[in-house]
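Trainee: Sequence first, predicted model second:
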Amino acid sequence: MLLLGDQSQFGERTRPPLRRAWVVGWICFWAAVLNAGAATFSAALDRDTITLGETANLALTCNGGQPQSEPAPPSVPNLQIVYIGPSSQFSVINNQVSSSITYNFRVIPRQAGDYAIPAMTVEVGGQKLTSQPLVLKVVKPQAAPAGVTNAAAQPALVKLALPKKSFYVGESLAAQLQLYLSSQVQSVEQFQTTSFAADGFNVGKMMQGQRRQIQMAGSIYTVIPINVVLTAVKAGSYTLGPMTVSLVLDIASPNRRRDPFFEQFGIRDPFFERSTVQQQVALATESEPVEIQAIPREKAPASFNGAVGNFSMNVTAGPTNLTEGDPITLKVQIAGRGSIDNLTMPDLPWSNFVVHPPEIKSEHSDQLGLQGTKTFEYIVTPQTADLKALPEIAFSFFDPDQKAFRTLTHPPFPLVVHPGGAVAVPSALASAHPRQEAPAPAQDIVPNKQRPGQLAQIGPPLIQRPWFLALQGTPVLALVASVLWRRRADALSNNPKLRRRRQAELAISQGFADLRRLAAENQSDAFFVTVFRVLQERLGERLDVPAGSITEAVIDERLRPLGVPEPTLSAVQELFQACNLARYAPVRSSQELSAFVPKVETTLDQLKQIKA
Amino acid sequence: MKAPFTVILGLLFALAGQALAEAPETIFDTANRLYGEGKFSEATAAYEKILESGHGSAAVYFDLGNAFFKANRIGRAIAAYREAKMLSPRDPDIVANLQFARNQVQGPTLPTTWQDRWFGKLSLNEWTLAVCAAGWSWLLLLTLGQWRPALKPTLRGWAWSLGAVTLLTGACLGADYSRLVVERKAVVIADSAEVHQAPVAESPGLYTLHDGAEVRVLDAKNDWLQITTGPRRTGWVRRAELVLSR
């Protein structure tokens, strides 16, 4: 969607102070973070020719440093230069940090003519940097395109602009479809090309350019350029166009204006959108007669392979000191303007060399793909040691501007090719055949060691031995065990009831051992004292009272209210009474005491079920 | 009665003599003597005999490398020096001779990377022990902290430091293990080895490797190894023309 509603597209707007502070802070932050290397300062205009009524953008870019102050715009008579604001870029490519700050200005001419914008100077890190001067040509407003007589009646129109009318087969160029929108149009939607009569051409990539405003036939128009790549493919006389497009226009209702209440906060009037009217329109350009000429192939040099444009060539090769059969990497870079994607290198029919098909890489420096670099990387293998050089490399192209063929050549690369059978020899002998690139060191190898050192069994490295890996589990197990132990200790220290239970269990366990021993030794008194003690331990722990406070009265006072089953209560009472009786009754036999132990065990197990 | 005694005595002497002759140290001395006499092929056979017995040391590999080098077998020499460097990575003699041998190699070979230089400062076993030392100390500190919680604040800084050292050395060990064990390397031992596009003799040759060229092995198929010496330098070489190395 081509949205025109954003005010920043149409004119100056005051930036909110907070936002400006943020931008400045951001720039300062990066300026502080980055090391200023070799800083550069350059100036550029987005266009070098404009029509009176249009504006041009002037960008002053500082790479690799932060100027101490914003550059002051130069004073040029009849040219108003207004500062718009800064923009910054920061990139990290292959660990190389780069930054740039661009100060943007709008250039508004007051009358037609040729203007020289002088060089400007900024100070970066104590170093004064100067930009190059620029030239801006301002032409008088042109007449409206045919059919544009009443802007109000025709809110949009299209025009096909061609850089020239005569082409050569194979030549690529960027035509421009210009969409003119009157000031009533707020936005454009659903733009699409419906047809394009382009006999004799291949139609390539389409790319929207930077919109601008022009004055035409007394009205202000916004022009949206759409660049179209055309490649001439067939000689003859043709007519380019018409090109038809369809689009939906949002046209402002004359009854509604933007609310200044919203404008002061820098936001769009939310009710304004509803006050536009949508209108679907179909537009067509006029036809343009064009001529496509054939390339005079009868005059083409041998190295011509169909390239049309304007190119330069750079060739590198290496290594150049090698053994026959060794590969040489030959890199041919063709850079320039033309159909980069269609560029091909002529064959390299070199005798005594094996030339493998090249690896090809294209890089475009513009979005349309009409400028850039194409790299052909060959692997070339010399087959004999007699070769003294890589042959000359030639690349020819037809220059449509000069209307002539041009041939770029690179002189032969000298080679030193050693015989393939040669085997390197120790330095003592190698001095007879010194190598040019890496001469053999003067000394010989370090002599033998006279002691064998510690002769050990050759085995796999430690990390691959199972016993070694298993051994590494020891500290891990120790840590896990200690963590578990620590958790248990912490749990006990934080839970007195659990601690009491464990202590009671331990006391009871020891008590039963004592009971069995006392029964065997027939010590009746001590036996029943122990029975009483284990009973107290169990009941005290279950009822959460001190063990010493447990007496027979606990049955009625604590156990019965808790709902302990009657058989358990009877068993407990029986144990208490047995203990009391033992103090007065005659001594029992060892067998009787031993038979009493299971009864105590059973009763204590039943008491375990009590929940206080 | 005298004759059997003589036979037994002779047999004992023979066995003892054989045992002495077979001792690796003895073979080592013999090999060095052969080397000194300029009999390099015989010397290499003697050094290899020690290694075949299952014994070895950096010195044996080093001297074997020297013998191969003097016999103009650069590839074998480099392979032996590499083994010696694995066992004793900071031995200046080994480093010097390996570099010297590499300087004699013609044509493409694997370049020495910063990983080789950095991780090669310690042997794989040394890296392993470094990780173990740091790791054990770290875990024992943590264990001590569990047994004596009062010491935890004192130990905390040490525990963090040792944990970081363990992780760092562990990463180095991983990288070194990958470099030496996971990545298979090989050295060309033929005078020249044609690198083919495919693992068949009829496939077109891409380029030629020379004795001593070091390559990384990517794949194997029948009697062929797929190797590379760098970007866009991949092809197939006959297995017999290479010796696998660490």
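Mentor: All right, it came through fine. The structure displayed is predicted, hence computed values, not measured ones.

Trainee: What does the pLDDT read for the most centrally placed residue in chain B?
Mentor: The structure's chain B has its C-alpha centroid closest to B:Glu83; by Cα atoms, centre = their mean the separation is 2.1 Å. B:Glu83 carries a pLDDT score of 92 in this model.

Trainee: check which helix or strand covers it.
Mentor: Secondary-structure assignment from DSSP states H and E places B:Glu83 in helix B:74-87.

Trainee: list the helices and strands that helix packs on?
Mentor: helix B:58-70, helix B:92-103, strand B:184-188, strand B:242-245 (3 or more Cβ pairs under 8 Å, 6 or more residues apart in numbering or on different chains; DSSP states H and E). Where you see a C-beta, it was placed from the backbone N, CA and C, and this is true even at glycine.

Trainee: could these go into a markdown table alongside distance to A:Ile226, mean pLDDT and mean neighbour count?
Mentor: Shown next, in a markdown table, are these (distance: least, Cβ to Cβ, whole Å; pLDDT from 0 to 100; neighbours: other Cβ atoms under 10 Å in any protein chain shown):
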| stretch | distance to A:Ile226 | mean pLDDT | mean neighbour count |
| --- | --- | --- | --- |
| helix B:58-70 | 70 | 94 | 27 |
| helix B:92-103 | 60 | 91 | 19 |
| strand B:184-188 | 56 | 93 | 23 |
| strand B:242-245 | 60 | 89 | 18 |
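
Trainee: thinking again about what came up before, list the contacts for the residue nearest to the centre of chain B?
Mentor: Taking Cβ atoms under 8 Å, 6 or more residues apart in numbering or on different chains as the criterion, B:Glu83 is in contact with B:Gly56, B:Tyr61, B:Ser245, B:Arg246.

Trainee: I'd like to check the angle between the helix holding B:Glu83 and strand B:184-188, please.
Mentor: 140 degrees (axes from the mean of the first three to the mean of the last three Cα atoms, to 10 degrees).

Trainee: Save the helices and strands packed on helix B:74-87 as a markdown table, and put in distance to chain A too.
Mentor: Conversion of the helices and strands packed on helix B:74-87 to a markdown table gives the following (distance: least, Cβ to the nearest Cβ, whole Å):
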| stretch | distance to chain A |
| --- | --- |
| helix B:58-70 | 4 |
| helix B:92-103 | 4 |
| strand B:184-188 | 11 |
| strand B:242-245 | 14 |
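
Trainee: Please name whichever of the ones you listed is nearest to A:Asp514.
Mentor: Nearest to A:Asp514 among the helices and strands packed on helix B:74-87 is helix B:58-70; the distance by Cβ to Cβ comes to 69.6 Å.

Trainee: And the helices in the stretch 201-350 of chain A?
Mentor: A:260-263 (DSSP state H, counting those that start in this stretch).

Trainee: Equivalent analysis for chain B, please.
Mentor: Along chain B, the segments classed as helices by DSSP state H run B:2-22, B:24-36, B:40-52, B:58-70, B:74-87, B:92-103, B:114-119, B:124-147, B:152-177.

Trainee: that's a helix at A:Val188, yeah?
Mentor: No. Counting by DSSP: H, G, I helix; E, B strand; the rest coil, one finds A:Val188 to be strand, located in no helix.

Trainee: From what I see, it and A:Val245 are in contact.
Mentor: No. Using Cβ atoms under 8 Å, A:Val188 is not in contact with A:Val245; the gap is 10.3 Å.

Trainee: Now list whatever residues contact both of the two.
Mentor: Common neighbours of A:Val188 and A:Val245 (Cβ under 8 Å, 6+ apart) are A:Leu179.

Trainee: Can you tell me how far A:Asn57 is from A:Asn104?
Mentor: 6 Å (Cβ to Cβ, to the nearest Å).

Trainee: Common neighbours of those two, please.
Mentor: Taking Cβ under 8 Å, 6+ apart as the criterion, A:Asn57 and A:Asn104 both touch A:Ile84.

Trainee: Same list as before, the helices and strands packed on helix B:74-87 that is, but in a markdown table and with distance to A:Val139 included.
Mentor: Converted to a markdown table, the helices and strands packed on helix B:74-87 look like this (distance: least, Cβ to Cβ, whole Å):
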| stretch | distance to A:Val139 |
| --- | --- |
| helix B:58-70 | 79 |
| helix B:92-103 | 69 |
| strand B:184-188 | 70 |
| strand B:242-245 | 73 |
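
Trainee: Quick one, which of these gets closest to A:Ile220.
Mentor: strand B:184-188 (72.1 Å).

Trainee: gap between the closest one and the chain center?
Mentor: 11 Å (Cα atoms, centre = their mean, to the nearest Å).

Trainee: What residue in the stretch 201-350 of chain A comes nearest to chain B?
Mentor: The stretch 201-350 of chain A approaches chain B most closely through A:Gly325 (3.3 Å), counting by Cβ to the nearest Cβ.

Trainee: so what's that residue closest to, chain neighbours aside?
Mentor: Nearest non-adjacent residue to A:Gly325, counting by Cβ to Cβ, 6 or more residues apart in numbering or on different chains: B:Thr208, 3.3 Å away.

Trainee: show me the residues around the one you found that make contact.
Mentor: Listed by Cβ under 8 Å, 6+ apart, the contact set of B:Thr208 reads A:Thr323, A:Glu324, A:Gly325, A:Asp326, A:Thr381, A:Gly420, B:Gly107, B:Ser192, B:Ala193, B:Glu194, B:Val195.

Trainee: Just list whatever residues bridge to it.
Mentor: B:Glu194 (DSSP bridges).

Trainee: What segments of chain A are helices?
Mentor: Counting by DSSP H, the helices of chain A are A:17-33, A:260-263, A:427-430, A:466-471, A:473-494, A:496-521, A:524-543, A:554, A:566-582, A:590-607.

Trainee: most packed of those?
Mentor: Among those, helix A:524-543 has the highest mean neighbour count (mean count of other Cβ atoms under 10 Å in any protein chain shown), at a mean of 21.

Trainee: which residues are contacting it?
Mentor: If you take Cβ under 8 Å, 6+ apart as the criterion, helix A:524-543 is touched by A:500-501, A:503-504, A:507-508, A:511-512, A:514-515, A:518-519, A:546-550, A:554, A:558-559, A:572, A:575-576, A:578-579, A:582-583, A:587-588, A:593, A:596, A:600, A:603-604, A:607-608, A:610, A:612.

Trainee: repeat that for 7 Å
Mentor: Under the criterion Cβ atoms under 7 Å, 6 or more residues apart in numbering or on different chains, residues A:500-501, A:504, A:507-508, A:511, A:514-515, A:518-519, A:546-548, A:550, A:554, A:558, A:575, A:578-579, A:582, A:587-588, A:593, A:600, A:604, A:607, A:610, A:612 lie in contact with helix A:524-543.
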